[in-house]
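Student: sharing a sequence plus its predicted fold:
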Amino acid sequence: DGGITQSPKYLFRKEGQNVTLSCEQNLNHDAMYWYRQDPGQGLRLIYYSQIVNDFQKGDIAEGYSVSREKKESFPLTVTSAQKNPTAFYLCATDRGRGLSSYNEQFFGPGTRLTVL
Amino acid sequence: GEDVEQSLFLSVREGDSSVINCTYTDSSSTYLYWYKQEPGAGLQLLTYIFSNMDMKQDQRLTVLLNKKDKHLSLRIADTQTGDSAIYFCAESTITGGGNKLTFGTGTQLKVEL
């Protein structure tokens, strides 16, 4: 059963704590992305990775960190430096660079992070 | 730069048509997409249109693209309560970093009985 899994679905964190959100895929996609969703603001790109052991900052990378040690996994750490971390976090994948510019992104079910 | 705008809310009666609009600014967009998000879930691709097309129809969905005005719309015929969701348009541009999607703010569609 191919797809993207994100865990946990709900996450609560105390102020000042780091927390790591998991994203795993078995679609054999090269590219993986992390987005943050806030009401009325759409999706904003945090980090993305086109290939293992490489990743790039997106539009709102401050206070976040990622790693890409395996093709299947792209965990996101929300650090204490992120001033307003309460949001819905979505992981996505696609085939990455290719001959066709059509490249559908597939999304995981999301993790809702709440800072107490 | 890229900027994609949508109205935030739309309310329609069941059985009517819904039209969700989107404007974008990047004329180099290659593909434009419509995604649907149900409450508490991820996004699912509904349909897409290549930038050299004017219209695409897929069952109850019709996508219209006016490239001159950089305007994209999604029409849902015979809207049902199951169509209640947030709809995002997204434009795709090819950069050195690969395929970049820029999403609109999302339109919350509410279908009333």
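Tutor: In hand now; what should we look at?
Student: contacting residues around the residue of chain B found nearest chain A?
Tutor: Relative to chain A, the nearest point of chain B is B:Gly42 (3.5 Å; CB to the nearest CB). In short, each C-beta sits where N, CA and C put it, glycine included. Contact analysis of B:Gly42 by CB atoms under 8 Å, 6 or more residues apart in numbering or on different chains lists A:Ile4, A:Leu90, A:Ala92, A:Phe107, A:Gly108, A:Pro109, A:Gly110.
Student: ok, the last one to B:Trp34 distance?
Tutor: A:Gly110 sits 19 Å away from B:Trp34, taking CB to CB, to the nearest Å as the criterion.
Student: CA atoms of the helix or strand hosting A:Leu21 as CSV?
Tutor: Assigned by DSSP states H and E, A:Leu21 belongs to strand A:19-25. The C-alpha trace of strand A:19-25 is given here as CSV (Å, rounded to 0.1, in the frame of the first residue of the first chain):
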residue,chain,number,x,y,z
VAL,A,19,10.2,18.3,18.7
THR,A,20,10.6,16.1,15.7
LEU,A,21,7.9,15.3,13.2
SER,A,22,8.2,12.2,11.1
CYS,A,23,7.6,11.8,7.4
GLU,A,24,8.1,8.4,5.7
GLN,A,25,7.3,7.5,2.1
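Student: next secondary structure after it?
Tutor: According to DSSP H and E, the helix or strand after strand A:19-25 is strand A:31-37.
Student: skipping its backbone neighbours, what lies nearest the residue of chain B closest to chain A in space?
Tutor: A:Phe107 (3.5 Å; CB to CB, 6 or more residues apart in numbering or on different chains).
Student: and that neighbour, bridged to which residues?
Tutor: Beta bridges link A:Phe107 to A:Ala92 when assigned by DSSP bridges.
Student: show me what contacts it?
Tutor: The neighbourhood of A:Phe107, defined by CB under 8 Å, 6+ apart, consists of A:Ile4, A:Leu90, A:Cys91, A:Ala92, B:Tyr35, B:Gly42, B:Leu43, B:Gln44.
Student: what about B:Leu112, how many neighbours?
Tutor: Careful, residue B:112 is Glu and not Leu. The tally of other residues near B:Glu112 (other CB atoms under 10 Å in any protein chain shown) stands at 11.
Student: in the sheet, which residues pair with it? Tell me.
Tutor: Beta-bridge partners recorded for B:Glu112 (DSSP bridges): B:Arg13.
Student: make sure it is actually in contact with B:Asp16.
Tutor: No: using CB atoms under 8 Å, B:Glu112 is not in contact with B:Asp16, being 9.5 Å away.
Student: re the thing from before, buried ones in the strand holding A:Leu21, by neighbour count?
Tutor: A:Val19, A:Leu21, A:Cys23, A:Glu24, A:Gln25 (16 or more other CB atoms under 10 Å in any protein chain shown).
Student: likewise for stretch A:44-52?
Tutor: Within stretch A:44-52, the residues that count as buried by 16+ other CB under 10 Å are A:Arg44, A:Leu45, A:Ile46, A:Tyr47, A:Tyr48, A:Ser49, A:Gln50.
Student: which residues touch that stretch?
Tutor: The contact list for stretch A:44-52 (CB under 8 Å, 6+ apart) reads A:30-38, A:55-61, A:64, A:66, A:68-71, A:74, A:76, A:89, A:96-97, B:97-98.
Student: dump that stretch to CSV, restricted to CA.
Tutor: Provided in CSV are the C-alpha atoms of stretch A:44-52 (Å, rounded to 0.1, in the frame of the first residue of the first chain):
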residue,chain,number,x,y,z
ARG,A,44,4.2,27.9,3.1
LEU,A,45,7.4,25.9,2.2
ILE,A,46,9.8,25.3,5.1
TYR,A,47,12.4,22.9,3.6
TYR,A,48,12.7,20.7,0.6
SER,A,49,15.1,17.9,-0.5
GLN,A,50,15.7,16.8,-4.1
ILE,A,51,18.0,14.0,-3.3
VAL,A,52,19.4,12.0,-0.3
